[in-house]
Each structure stands twice: as C-alpha cells, then as structure tokens.
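Peer 1: Below is the structure, and that's it, no one-letter string:
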C-alpha cells in the first residue's frame, strides 16, 4: 500500500479557501491528505528533534506570527517543502523587488528606499548612523520619482500604509507618520488598465482585472489585448521563477500598452471567494490543489535539504 502524503495549511482569519482546498485535494483521491498542523512549544508537537510528518506546508500567515516563521524555517531544514519558502520571504522587500524587475529587463517604476523616520531606543544619528546620508534631500527624491508618487511600506501588503502623494509637502507629511517602518517612494504610473495576476506553481498565471479604487475584481476574459495579456503572463512567470515563489500575486499598471510591474511581494495573496469572485476563486483552488499534490509526491520530498537549496527556495530551472 502506497504511503499517504500529508499537506498542512498554516492559516489566519480566512474561511473560504482552506476548506475548499482541503476538499479539492481529498477529492483527487491521489494518496495525499490535507489538514491543519498544530504548532506548539517544545512540549507539544513538533518539538525541536521531531519530524513533522508533513511533506508540504502552505504558509498563509507567518508574516504576522513570528513563531510560525521560526517553525517553518525549522521544518524546511527537516525536509518539508514550504510554500512559500520562509527564507526567501524573510529576505524579500519591495525595494529588492524593484531592483529584481529592472535586472530582469522588465518595466518598473522609479523607486527610492527612504531612511527610517524613527529608530529603536539607543540609535543616535551622530553615532549609530555614520553611513547614512542625512538629512534626506527631499527635493532630489521628488525630482527622481516625479509627482504624484506612491509612498508605501517596503515590507507591507494588503494596501496597508500606502499613500498617493501629490506634492512634496504631502509626501513628507505621510513619511513623518511612518514610525519604525522602512518606506519606499515610487513613481506613479498613470495607467489605463490595472492588472492583478494570481501566480500558482511558477507556471500558471491568471491575469485579473482589478479596480484599486473600489478594491474589487471585475470578471472578464477579454479586458486585455492579446499582445498585452501574453506579455503580462510571460513577465509574471519570469518574476515568480526568479523569486522561487509557488504562490504569489503580481500587480501591473498598463500604460500605452506597456505593463509596469508595480508590486509583486505578495507571497500570501488574498484568496477569499468574496474578493476573488467565484470564477477566479475556483481557478485558484484547483491549481493550488494540483500543485500541492505534485509537490507532496515529488521524488525526494521530505528529505533534508542542503543549505543552498532551502535558502534559494524552489527556484525554477527556467528562471
């Protein structure tokens, strides 16, 4: 009798995707089961010296629960395939993303990373920050990115701490509220079309029409010209293959028929049926189920990894 493989879901406050994904995996009857692993202290399961029993774990919440991130790094070292790789996710940020897009030859807004507005106690400008150019030349920043511009948290998501600034005074005022966050400021792309792509398994890309003002998806198979759609899919695939992300969303601002990559650090993308809409939700669940079954049954799944493997993630050979 073939060994049953286990997939674990580590989730937060989401209620539509997890049960639908569990059902989709079980309905395949492919020798793979799916449930919610329990992450406890050393007296619970798993302890430091215990194997998890899972071939694959899907991470939907460790960016907000630090203990989960530590456990998932531990699980990766023990041979569990974690979607998405916690080492890459820990190192990722939106300024790095802008550099990556440019290095891949993709169109991306001009981006500047800003010094923190505030620091932890003990940091003094004249002693602790001798490498920092200070004070910041705001006029040079504004001249580089132009106005209006976008100010956002370099590590954020879900449209939190995102500001459209129409003047230098507005940019500085919003920056002054950022506290300990590391902020970036980006060129504002005056788009004609806004696209959010769901990316599953580094291969499957679903371009979706999105209204960022109303914060909702508009279901349409023909909203992009074929040439633009093909390029969005191709460029999205290049990005996730370079990052090694098997679950991500990428936002594109299309101007004059050219897609600009404006945000693609979304390793736990929104998968709720009430926001995605039924067609896009069904597509996402089906492709996630296929991916997780394939990863669970892949040769070598569950074997401990070498350092370079789990630090770089499951980077595609096509990258």
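Peer 2: Great, that's in hand. Keep in mind the model is a prediction, meaning the values are calculated, not measured.
Peer 1: what's near enough to touch the closest residue to residue 17 other than its chain neighbours?
Peer 2: Excluding the flanking residues, the one nearest residue 17 by Cβ to Cβ, 6 or more residues apart in numbering is residue 271, at 4.2 Å. Yep, even glycine has a C-beta here, placed from its N, CA and C like the rest. By Cβ atoms under 8 Å, 6 or more residues apart in numbering, residue 271 lies in contact with 14, 16, 17, 281, 284, 285, 288.
Peer 1: Can you list the neighbours in contact with the strand or helix carrying the fourth one?
Peer 2: What that stands for is residue 281. In this structure, residue 281 is located in helix 278-296 according to DSSP states H and E. With contact meaning Cβ under 8 Å, 6+ apart, helix 278-296 is reached by 5-7, 16-17, 20-21, 24-25, 28, 30, 32, 34, 55-56, 58, 81, 83, 198, 200-201, 204, 206, 208, 217, 219, 246-247, 271-273, 276, 301.
Peer 1: One more pass at 6 Å, please.
Peer 2: 5, 7, 20-21, 24-25, 28, 30, 32, 55-56, 81, 198, 200-201, 204, 206, 208, 219, 271, 273 (Cβ atoms under 6 Å, 6 or more residues apart in numbering).
Peer 1: And for stretch 133-148?
Peer 2: With Cβ under 6 Å, 6+ apart, stretch 133-148 has contacts from 110, 112, 164, 166, 168, 185, 187, 188.
Peer 1: what's the span of it, first residue to last?
Peer 2: 24 Å (Cα to Cα, to the nearest Å).
Peer 1: Just checking the distance from the helix holding residue 281 to the centre of its chain.
Peer 2: 17 Å (Cα atoms, centre = their mean, to the nearest Å).
Peer 1: What mean pLDDT does it get?
Peer 2: Per-region confidence: helix 278-296 scores 97 on mean pLDDT.
Peer 1: mind listing what's buried in that helix?
Peer 2: Of the residues in helix 278-296, 280-281, 283-285, 287-293, 295-296 count as buried by neighbour count, 16 or more other Cβ atoms under 10 Å.
Peer 1: Equivalent analysis for stretch 15-33, please.
Peer 2: 17, 18, 20, 21, 22, 24, 25, 30, 32.
Peer 1: when you check the residues you listed against the helices, which ones overlap?
Peer 2: Counting by DSSP state H, the part of the buried residues of stretch 15-33 found in helices is 17, 18, 20, 21, 22, 24, 25.
Peer 1: For beta bridges, what are the partners of the residue nearest to the last one when sequence neighbours are not counted?
Peer 2: If I follow you right, that is residue 25. The shortest distance from residue 25 to any non-neighbouring residue, by Cβ to Cβ, 6+ apart, is to residue 34 (4.4 Å). With DSSP bridges as the criterion, residue 34 is bridged to residue 7.
Peer 1: which residues sit in contact with residue 93?
Peer 2: Residues near residue 93 by Cβ under 6 Å, 6+ apart: 154, 155.
Peer 1: so how far is residue 202 from it?
Peer 2: Using Cβ to Cβ, to the nearest Å, residue 93 is found at 20 Å from residue 202.
Peer 1: From the rest of the structure, what touches stretch 228-239?
Peer 2: Stretch 228-239 is contacted from outside by 104, 106, 195, 197, 199, 205, 207, 250, 252, 257, 259, 264, using Cβ under 6 Å, 6+ apart.
Peer 1: Among the residues you listed, which ones are in strands?
Peer 2: Using DSSP state E, the members of the contacts of stretch 228-239 that fall in strands are 195, 197, 199, 205, 207, 250, 252, 259.
Peer 1: so the first one touches residue 207, yeah?
Peer 2: So that's residue 195. Yes - if you go by Cβ atoms under 6 Å, residue 195 and residue 207 touch, sitting 5.2 Å apart.
Peer 1: if we can go back for a sec, could you provide the buried residues of stretch 15-33 in JSON lines, with additional columns for pLDDT and distance to residue 147?
Peer 2: Below are those laid out as JSON lines (pLDDT from 0 to 100; distance: Cβ to Cβ, whole Å):
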{"residue": "17", "pLDDT": "97", "distance to residue 147": "39"}
{"residue": "18", "pLDDT": "98", "distance to residue 147": "43"}
{"residue": "20", "pLDDT": "98", "distance to residue 147": "44"}
{"residue": "21", "pLDDT": "98", "distance to residue 147": "43"}
{"residue": "22", "pLDDT": "98", "distance to residue 147": "48"}
{"residue": "24", "pLDDT": "98", "distance to residue 147": "47"}
{"residue": "25", "pLDDT": "98", "distance to residue 147": "49"}
{"residue": "30", "pLDDT": "96", "distance to residue 147": "54"}
{"residue": "32", "pLDDT": "97", "distance to residue 147": "52"}
